[in-house]
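3D, please:
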Amino acid sequence: MSNNSSISHFLLLALADRRQLQLLHFCLFLGISLAALLGNGLIISAVACGHHLHTPMFFFLLNLALTDLGSICTTVPKAMHNSLWDTRTISYTGCAAQAFFVVFCATIELALRPS
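Modelled structure (predicted):
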């Protein structure tokens with residue numbers, strides 16, 4: 001008889017066991033992500049709309065804002081979902097996709113930074 005087990009979900013550790021702390025974590029994640037979305041959105045719209053800002057420095061600043069949005073939008077929504085709905089699992093494909101996009105955005109961000 002062979003063992004035919006397969007992994008379909010990973011178990012996650014909870015940030016807190018009490019419901020009040022989980023809601024506090026959700027609110028903190030929401031505030032931080034909204035602040036990052038607003039700040040990066042303002043940078044993107046200012047560079048896109050201001051024709052005098054079409055210089056190489058602002059081109060790289062625009063790309064950094066886009067990669068920062070990508071890295072934030074990859075991990076924070078799942079963390080907010082886990083805190084709000086008290087879930088402690090992530091699918092294998094979801095984990096692989098999150099890891100790929102985080103590494104992808106971090107690599108682009110590091111490649112665009114000046115040395």
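
right, and Asn63 touches Leu112 too?
Yes. With contacts counted by C-beta atoms under 8 Å, Asn63 reaches Leu112, the gap being 5.4 Å. Any C-beta I mention is one placed from the backbone N, CA and C, and that applies to glycine too.

can you pull the buried residues of stretch 95-112?
Applying a neighbour-count criterion of 16 or more other C-beta atoms under 10 Å, the buried positions in stretch 95-112 are Cys95, Cys105, Ile108, Glu109.

contacts only, for the most centrally placed residue in the chain.
Centroid-nearest residue in the chain: Ile72, 2.6 Å away (criterion: C-alpha atoms, centre = their mean). Listed by C-beta atoms under 8 Å, 6 or more residues apart in numbering, the contact set of Ile72 reads Ser33, Ala36, Leu37, Asn40.

and the helix or strand of the chain with the lowest mean pLDDT, how far out from the chain's middle?
The weakest-scoring helix or strand in the chain, judged by mean pLDDT, DSSP states H and E, is strand 9-11 (a mean of 84). Computed by C-alpha atoms, centre = their mean, to the nearest Å, the chain-centroid distance of strand 9-11 equals 19 Å.
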